[in-house]
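Enquirer: Need the 3D shape of this:
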Amino acid sequence: MTMFRKAVVINGMTYDRFRDDFINSHTFHDEADADAKNDHRVNLGRIDSLLTLREDLVRKYSDTDLSEVPFLACMREFMLKSSAGGSRSLNFGCYLNARAIEVLTCAINDIPLFKRSLSEDETERFFNGCTPPSGTSLTAVNNGEFAFFFSRLCFPGIISSTYQAVLAHNRLVMGSSGKRFLTQADIAVALSHFQSSEAPVVKKIKRWALLVHKAALRDSDPQ
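Expert: Sure, this is the predicted structure:
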């Protein structure tokens, strides 16, 4: 709670920026054995969920003293009690027009982002409704390319800055291994590793993201 109070309450950092920075700066640690790594991942995942879903609790307990007690009490309330009305809305914060959906579908299938193609209807439900396709789960071809594409959609404001939390909370995409859904930490780490890449697909992703942005800016669909 001390970090939150100093960064957000005192220094004016936005809540979303604090949440992302906290998770990204605690992804790695020095333990070498698998049990310790798994424990760290579980704890980080719980804090990720707390910061994503219950801003109301974080702010509530940051108003008390700065010891470890408020944090433990905050986590206890989060883990043991049902979500209150203060939960944050978890969607991409967009409603893309038909032309943008068409271009976005072409981009997703051309890069490609997933191990199967998407229809325009599936793309529309994924982005505008934050709903995963029925039947087969979507699996990323490459976690880094997937994370980078979504970061390029976020950059001009096509989707909200909480996209990583949205993807994770709604269990929208499986990692490239196909074993489990991507978490917010997974996406952040994949993006961090990929951003320095000079692979040809980087230019393709940037070009498609620009085309999606142009299509999304259209006031109305063509008649």
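
Enquirer: can you point me to the longest helix in the protein?
Expert: helix 34-53 (DSSP state H).

Enquirer: for it, packing partners?
Expert: The helices and strands touching helix 34-53, judged by 3 or more CB pairs under 8 Å, 6 or more residues apart in numbering; DSSP states H and E, are helix 15-25, helix 55-62, helix 68-80, helix 163-169, helix 184-194. C-beta here means a position set from N, CA and C on the backbone, and glycine is covered the same way.

Enquirer: Need the winner for burial among these.
Expert: Most buried of the helices and strands packed on helix 34-53 by mean neighbour count (mean count of other CB atoms under 10 Å) is helix 163-169; its value is a mean of 23.

Enquirer: what sits up against that helix?
Expert: Where contact means CB atoms under 8 Å, 6 or more residues apart in numbering, the residues beyond helix 163-169 that reach it are 19-20, 48-49, 52-53, 90-92, 130, 150, 153-154, 160, 172-173, 181-184, 186-188.

Enquirer: likewise stretch 70-80?
Expert: With contacts defined as CB under 8 Å, 6+ apart, stretch 70-80 is touched by 1, 46-47, 49-50, 53-54, 57-58, 60-62, 64.

Enquirer: Mean confidence (pLDDT) on that stretch, please.
Expert: In this model, stretch 70-80 has a mean pLDDT of 75.

Enquirer: send the alpha carbons of that stretch over as CSV?
Expert: Presented in CSV, the C-alpha positions along stretch 70-80 are these (Å, rounded to 0.1, in the frame of the first residue of the first chain):
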residue,chain,number,x,y,z
PRO,A,70,-3.7,-3.0,5.4
PHE,A,71,-2.4,-5.0,2.4
LEU,A,72,-3.1,-8.4,4.1
ALA,A,73,-6.6,-7.2,5.1
CYS,A,74,-7.2,-6.0,1.6
MET,A,75,-6.2,-9.3,0.1
ARG,A,76,-8.3,-11.2,2.6
GLU,A,77,-11.4,-9.2,1.7
PHE,A,78,-10.7,-9.7,-2.0
MET,A,79,-10.1,-13.4,-1.7
LEU,A,80,-13.0,-14.2,0.7
